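1. one predicted model, sequence on top.
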Amino acid sequence: MRKREYDQVMESVGLLRQAHDEIRALTEKKQSRAAAGLLADCQESAIAIGTLLEQTEGEACPVIPLLESYCEQLYRFHEELAREEAEKGNGTDARPESGRTGETTHAADKRCRHLQQQLTAVENGIRHNVAVRREAVFLPYKASMWDSLESVWKAADADEACDAYVVPIPYYDKNPDGSFGAMHYEGEQYPAYVPVTDYREYDLAGRRPDAVFIHNPYDEFNYVTSVEPFYYAKNLKQYTGMLVYIPYFVLDEISPDNAEAVKGMEHFVTVPGVFYADRVIVQSEDMKKIYVNVLAETFGRETKSVWEKKILGLGSPKLDRAANLRREDMEIPEAWEKILRKPDGSRKKVILYNNSVSALLAHEEKMTEKMRSVFALFREYRDTVALLWRPHPLIEATISSMRPGLWEEYRKIRDSYLEAGWGIYDDTADLDRAIALSDAYYGDPSSVVQLCRKRGMPVMIQNVDVVGD
């Protein structure tokens, strides 16, 4: 039985107990007809509980006979009150009013005690015989960002009391005017060991999962892409009791006391995913303090306790996965192998070269000149060093939307690199393979830097002002 169904059943049991007390009070007031009506309501509720148990646990569920006995007791009590009402109406009972009232009250007390005892047996039977299952659904949109959810999904999938679903959702490019452009769906790009459920086959509103996990916090406020609006955090909130947001990025650790650096965190923190989520999982306790402080400054210091409960510094699944990568587990394309190996078969040193969206937007032509310089240098040393170029997966969508002229220049550089064929170009969803294959990192500041550092890899941040030698 699902957790929400179990909670509904136990809530119904609690309401039945309250009804018993009300029935006793009504009989004491000689309101037999009202008491009989409430007994009928109790029977309907008990039947509904039994029907749900049969559907979820099967007809052999040991609670069913207990509910049948309870319903039988309700029926007898109801019939007894109906006879008393009939006798009272016909005037056939010649006993004094006081005698009838005392006997009726005593009998009603006894019946109510029996009902309570049988309901207790039903409640204990549910607690001891009904297995509670939870349902968790993970809603990634870009396959390359799946690592931000994977370790949590693995834990949920390994839990025998949890049904975990991975439901990749569609997303759109945004045109310069903010309208939706091309739609993308990357459900076929996930690792083979991840069972993917088509979003058109998972009825979120009907299933109402116990927990929903997301890594996209922006809703309509992303200028470059947008997930399908049905999956905005503000909408998901109504379909689950636990909406969990885990950032798709890992940031440089900064001190919560560094006011200038904390100020720069605001655009990561003040987003719908954080506002609407029931829990937000961030990479460290220091990062939690930063989130809490920024949110408290934004919404008032009196809200700090709310954010302290919501934000949890449990770590990033991206770092979990990076720490456990093994090069021998990676499937390497044949074309890559030719670039990775020297003529004698030995392995070259591999440099992971990464470009960020923000650096390209900030420096434009200066950055494209820098890239040409980098490629010229690594081409010269291609016999001993292999370059694995992996630009940020949103570069094309962002630059083509915001700076069409810059995109044309960038595209020429990319196409020239691909045509030359001396280096690896990685635009796949598998960032971890690129990290596992590489010996060092070179490029712009990004969350990839933190993943490489987690593995103990040397890191060098490129200086756009250094070109040539």
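-> Looks like it came in fine. Numbers count the residues shown, from 1 in each chain.
2. confidence score at A161?
-> On pLDDT, A161 comes in at 92.
3. count of residues packed around the residue nearest to it when sequence neighbours are not counted?
-> Among residues not flanking A161 along the chain, R133 sits closest, at 5.6 Å (CB to CB, 6 or more residues apart in numbering). Where C-beta positions appear, they are placed from N, C-alpha and C, glycine not excepted. Residue neighbour count, defined by other CB atoms under 10 Å, stands at 17 for R133.
4. how about R133, what does it touch?
-> Going by CB atoms under 8 Å, 6 or more residues apart in numbering, R133 touches M1, R2, K3, A161, C162, D163.
5. state the distance from it to E150.
-> To E150, R133 is 22 Å away according to CB to CB, to the nearest Å.
6. repeat that for P256.
-> Counting by CB to CB, the separation of P256 from E150 is 28 Å.
7. those two: which is more packed in?
-> Under the neighbour definition other CB under 10 Å, P256 and E150 were set side by side, and E150 has more, 22 against 18.
8. pretty sure the more buried one is in contact with R321, am I right?
-> Yes. The criterion here is CB atoms under 8 Å, and E150 meets it with R321 at 5.8 Å.
9. where in this protein is pLDDT low?
-> Within the chain, the segments meeting pLDDT under 70 span 88-106, 469.
10. could you confirm F213 falls within a strand?
-> Yes. Per DSSP: H, G, I helix; E, B strand; the rest coil, F213 lies within a strand segment.
11. which ones are touching it?
-> A136, V137, F138, L139, L149, V152, W153, V244, Y245, I246.
12. go with 7 Å
-> Applying CB atoms under 7 Å, 6 or more residues apart in numbering, we find F213 in contact with A136, F138, L139, L149, V152, V244, I246.
13. burial check on the third one, number of neighbours?
-> By other CB under 10 Å, the residues close to L139 number 22.
14. give me the phi and psi angles of it.
-> Per-residue torsions, L139: phi -120, psi 70 (degrees, to the nearest 10).
15. OK, contacts around it?
-> Counting by CB under 7 Å, 6+ apart, L139 has contacts V167, I169, V212, F213, I214, Y231.
16. hmm, 8 Å instead?
-> Applying CB under 8 Å, 6+ apart, the residues near L139 are V167, P168, I169, V212, F213, I214, Y231, L236.
17. phi and psi next, for the first one.
-> In terms of degrees, to the nearest 10, the main-chain angles of V167 are phi -120, psi 90.
18. confirm for me that it is in contact with Y199.
-> Yes. V167 is in contact with Y199 according to CB under 8 Å; the separation is 5.2 Å.
19. where exactly do the strands run in this structure?
-> Using DSSP state E, the strands of the chain run over 134-138, 162-166, 171-174, 180-184, 211-214, 225-227, 243-245, 279-281, 311-312, 349-354, 385-389, 424-425, 440-443, 459-461.
20. show me the one of those strands that comes nearest I47.
-> Smallest distance to I47 across those (CB to CB): 25.8 Å, for strand 134-138.
21. which other residues reach that closest one?
-> Contact partners of strand 134-138, identified using CB under 8 Å, 6+ apart, comprise 2-3, 149, 152-153, 156, 159, 161-167, 202, 204, 207, 209-213.
22. could you report the neighbour count for the closest residue to F77 other than its chain neighbours?
-> Nearest residue to F77, sequence neighbours excluded (CB to CB, 6+ apart): R111, at 4.6 Å. Residues near R111, counting by other CB under 10 Å, number 22.
23. next one: R111 from T27, what distance?
-> 9 Å.
24. check S400 too.
-> 77 Å.
25. look at these two and report which has more neighbours.
-> Between S400 and T27, counted using other CB under 10 Å, T27 has the larger neighbour count: 24 against 18.
26. hmm, that one is touching K110, no?
-> No. With contacts counted by CB under 8 Å, T27 stays clear of K110, the gap being 11.0 Å.
27. which neighbours do those two share?
-> What both T27 and K110 touch, as defined by CB under 8 Å, 6+ apart, is an empty set.
28. centroid-nearest residue for this protein?
-> By CA atoms, centre = their mean, the chain has its centre lying nearest to F213, at 0.4 Å.
29. so what sits opposite that one in the bridge?
-> On the basis of DSSP bridges, F213 is bridged to F138, V244.
30. who's in contact with D203?
-> D203 neighbours (CB under 8 Å, 6+ apart): none.
31. state the phi and psi torsions of it.
-> Torsion angles, degrees, to the nearest 10, at D203: phi -90, psi 90.
32. break the chain down into its domains, please.
-> The chain breaks down by automatic domain parsing into domains covering 3-129, 134-320, 328-461.
33. I'd like to know which of those domains lies nearest to V467.
-> domain 328-461 (4.6 Å).
34. returning to what we had before: and the residue nearest to A161, how far is that from A164?
-> 11 Å.
35. same question, R382
-> 44 Å.
36. what's the neighbour count on V448?
-> Neighbour tally, V448, other CB under 10 Å: 25.
37. mind listing what Q118 touches?
-> Counting by CB under 8 Å, 6+ apart, the residues that Q118 touches are L66, S69, Y70, Q73.
38. correction: the previous question concerned E220.
-> When contacts are counted by CB under 8 Å, 6+ apart, E220 touches S226, P229, Y232.
39. just to revisit the earlier point, are any of the contacts of R133 buried, and which?
-> Among these, those classed as buried by 16 or more other CB atoms under 10 Å are M1, R2, K3, C162, D163.
40. would JSON lines of the domains of the chain with distance to V467 be doable?
-> As requested, the domains of the chain are arranged in JSON lines below (distance: least, CB to CB, whole Å):
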{"stretch": "domain 3-129", "distance to V467": "59"}
{"stretch": "domain 134-320", "distance to V467": "25"}
{"stretch": "domain 328-461", "distance to V467": "5"}
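41. for S316, state which of the contacts of R133 is nearest.
-> Comparing every one of the contacts of R133 with S316 (CB to CB), the shortest separation belongs to C162, at 21.3 Å.
42. how close does that closest one get to A131?
-> 12 Å.
43. and E57, by the same measure?
-> For E57 relative to A131 (CB to CB), the value is 8 Å.
44. and what of Q117?
-> Taking CB to CB, one finds Q117 at 25 Å from A131.
45. do the same with M367
-> 57 Å.
46. between the two, which one's more packed in?
-> Taking other CB under 10 Å, M367 and A131 do not tie; M367 has more neighbours (21 against 10).
47. I'd say T384 and R347 touch.
-> No. At 10.7 Å, T384 does not count as touching R347 under the criterion of CB under 8 Å.
48. the two: which is more packed in?
-> Neighbour comparison, T384 and R347: the larger count goes to R347, with 13 against 8 (by other CB under 10 Å).
49. which outside residues touch stretch 158-167?
-> 131-140, 153, 156-157, 190, 194-199, 202, 209.
50. same question for stretch 42-50.
-> The contact list for stretch 42-50 (CB under 8 Å, 6+ apart) reads 9, 12-13, 15-16, 19-20, 23, 63-64, 67-68, 70-71, 74-75, 78, 115, 122.
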